[in-house]
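Peer 1: Need coordinates for the following:
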Amino acid sequence: MNLKTIHNVYFIGVGGIGMSAIARYFSMNGKKVCGYDKTPSPLTKKLEEIGVEIHFEDSIKNIPLSFLEKEKTLVVYTPAIPKDHEELNYFKNNGFVILKRAEILGEITRNTFCLGVAGTHGKTTTSSILGHIMQPEKATSFLGGIAENYNSNLILGEDKVSVVEADEFDRSFLKLSPNIACVTSMDADHLDIYGESEALQQSFRDFSSKVSDTLIVAKGIPLKGLTYGVNEEADYKAYNVKVAEGKYVFDVQTPTSEIKNIEFHLPGKHNMMNALAALAMADVYGVSLEKIKEQLKTFKGVQRRFSYKIKTENLVLIDDYAHHPTEIKAVEHSVREMYPKDKVLAVFQPHLFSRTKDFADDFAEALSKFDEVLLLDIYPARELPIEGVTSSWLLDKMSLKSKKLVSKEKLSDEILKSESKIIAMLGAGDIGLLVDEVKESLEEKYTNQI
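Peer 2: The predicted structure is shown next:
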């Protein structure tokens, strides 16, 4: 495919975090971009602000006439779109060129020097850190979250170097051709796609075989490559770790050098590991360690990745995308590290019936480590309900005393009743859209204290 001959790009599911980054890329490179999504969101609003035409009803009549010229139009869709989608089936039945999100990302980056970040956890933060480090190199970075430094999921540079989040969902990352890649983790996930954890691990092995130059892996991952770790022997080793004034300060030993007193502002050992992975990839690429150190110090984080919505002496509200037991444990560890003496309330919205079923005991164990839990109904996303798999069923498995089911409508009221100083809102569904409402309620209650 020659992308230069394409005039129009039509997106089905344009509001997804990965899809919207690609839509923004094409729009800013002079293509006409249009698309469908199920509901309006902050991401669709941002696209509309740069001239992307979006509608929210699945109907052929909503597609602009110029996008019905198949010789000039490329169609991109997300695997989350149902098979009976009217617009998608129209394009399929009429011979349009149709690519999945991963396939078009592979096409865009095929002729670039590509740095791919894979792993069941840490992809978005690591690729955002790496994109920030590579920004002086004029890399174009496609991110799975909104980087605070750029208020965007796209860092637009030139077309020589790319940074991409290599997503294992639907085996998407096998469409990429990375020169340098890292694997941050290989925990079981997406078992609705893979069936069993061995199939997931095989897909990571397949991905690693596609890396042309250098693979970098977290210490302990059973793949052959350069290793990285915190306070353990590895090719890239972080040590002399100190927490000072709300930030990490640490040294790093590389295979050939050493750099002292790196400052990094995101809490949690998992985020230090993410920073170390990004450092290793940039070092292998050839960015100077001093430049890497400078960029790490100025990295502000990713929205919905331990994002502080309120941060005062009297009250803290944290927003985080955590939707897997390992991620929930990482948030809990980070909170305890930063606020060891304070009570913590977790508000969690489970994401997918299948994931809740597959990891119910692990979810219960991870959530039970908090002082209080408010549990929302399961967010279905692309799934139909599974009999017996409910938030009530999950709640019964949790061992802590202070736990309660709550509706979205009553959420703010229930949070206001809590005496916990730290509130963490967790999940990958639409809980992120409730955070501002909760923030406003808390600010109203604590007007004189925050």
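
Peer 1: need the contact list for the residue lying closest to Tyr36 once chain neighbours are set aside.
Peer 2: Of all residues not flanking Tyr36 in the chain, Ile12 sits nearest, at 5.3 Å (Cβ to Cβ, 6 or more residues apart in numbering). From N, CA and C alone the C-beta is placed, and that goes for glycine too. Contact analysis of Ile12 by Cβ atoms under 8 Å, 6 or more residues apart in numbering lists Gly35, Tyr36, Val75, Val76, Tyr77, Thr78, Ile81, His85, Glu87, Leu88, Phe91.

Peer 1: Not counting its neighbours along the chain, what's nearest the last one?
Peer 2: Looking back up the chat, that one is Phe91. Val75 (4.7 Å).

Peer 1: do the fifth one as well
Peer 2: When the adjacent residues along the chain are set aside, Tyr77 lies closest to Ile12, with 4.0 Å between them (Cβ to Cβ, 6+ apart).

Peer 1: Give me the distance between the one you found and Ala23.
Peer 2: Computed as Cβ to Cβ, to the nearest Å, the Ile12 to Ala23 distance reads 11 Å.

Peer 1: Could you tell me which residues touch both of those two?
Peer 2: Residues touching both Ile12 and Ala23 (Cβ under 8 Å, 6+ apart): Gly35.

Peer 1: Break the chain into its domains for me.
Peer 2: 8-101, 112-298, 307-448 (the TED database).

Peer 1: quick one, phi psi at the closest residue in space to Lys219 that isn't next to it in sequence?
Peer 2: Nearest-residue entry for Lys219: Gly229, 3.5 Å, with adjacent residues in sequence omitted and distances by Cβ to Cβ, 6+ apart. Main-chain dihedrals, Gly229, degrees, to the nearest 10: phi -170, psi 160.

Peer 1: one step back: restricted to helices, list the contacts of Ile12.
Peer 2: Glu87, Leu88, Phe91 (DSSP state H).

Peer 1: Give the burial count for the last one, as a bare number.
Peer 2: In other words, Phe91. Per other Cβ atoms under 10 Å, the neighbour tally for Phe91 reads 23.

Peer 1: which residues touch it?
Peer 2: With Cβ under 8 Å, 6+ apart, Phe91 has these contacts: Tyr10, Ile12, Val75, Ile98.

Peer 1: Out of those, flag the one nearest to Glu165.
Peer 2: Ile12 (20.2 Å; Cβ to Cβ).

Peer 1: any idea how far Ser307 is from Leu208?
Peer 2: One thing to correct before we go on: residue 208 is Ser, not Leu. With Cβ to Cβ as the criterion, Ser208 and Ser307 are 31 Å apart.
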